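J.: no sequence on this one, just coordinates:
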Ligand SMILES: [Zn+2]
């Protein structure tokens, strides 16, 4: 499934087209649903993980992405479907 958060194959934060990795916004048990519904973004590998400034070390960024994912998902489907699939409300 294509990402519903971005159209171009480029880093979500820097627009770099090199060293891209896919970040699944809804992790753990929801990772496969995250793929299925396009709730992922491309990020440059150093911004993805393994550095001090990477999003995996930034709870605030991880939460912002979940909020954005929920917004985009609900525009396409519905709030009810979000709650059914992902169980938790990240908005408000
Ligand atoms: Zn990731």
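T.: In hand now; what should we look at? Since this is a predicted model, take the numbers as computed values, not measurements. Numbering: from 1, shown residues only.

J.: Contact partners for the residue nearest the centre of the chain?
T.: Nearest to the mean C-alpha position of the chain, by C-alpha atoms, centre = their mean, lies residue 25 at 3.0 Å. By C-beta atoms under 8 Å, 6 or more residues apart in numbering, the contact list for residue 25 reads 5, 34, 39-41, 65-66, 68-69. (C-beta placed from N, C-alpha, C; glycine too.)

J.: Mind naming the longest helix for the chain?
T.: Using DSSP state H to define each element, the chain has its longest helix at helix 59-76.

J.: From the rest of the structure, what touches the following helix or strand past it?
T.: Of the helices and strands lying after helix 59-76 in sequence (DSSP states H and E), the nearest is helix 79-86. Residues outside helix 79-86 that contact it (C-beta under 8 Å, 6+ apart): 26, 30, 33, 37, 70, 73-74, 89.

J.: Around residue 58, how many other residues sit close by?
T.: 14 (other C-beta atoms under 10 Å).

J.: Give me the phi and psi angles of it.
T.: phi -130, psi 90 (degrees, to the nearest 10).

J.: ok, so what distance separates it from residue 1?
T.: Going from residue 58 to residue 1 by C-beta to C-beta, to the nearest Å gives 25 Å.

J.: what number of residues lie near the residue nearest to residue 24 when sequence neighbours are not counted?
T.: Among residues not flanking residue 24 along the chain, residue 34 sits closest, at 4.2 Å (C-beta to C-beta, 6 or more residues apart in numbering). Residues contacting residue 34 under the criterion other C-beta under 10 Å number 21.

J.: Quick check: pLDDT value at the nearest residue in space to residue 65 that is not next to it in sequence.
T.: Counting by C-beta to C-beta, 6+ apart, residue 65 lies nearest to residue 25, which is 4.8 Å off, once chain neighbours are set aside. Here the pLDDT value assigned to residue 25 is 98.

J.: low-confidence ranges in the protein?
T.: Filtered on pLDDT under 70, the chain yields no residues whatsoever.

J.: burial measure for residue 37, as a count.
T.: Neighbours around residue 37, by other C-beta under 10 Å: 23.
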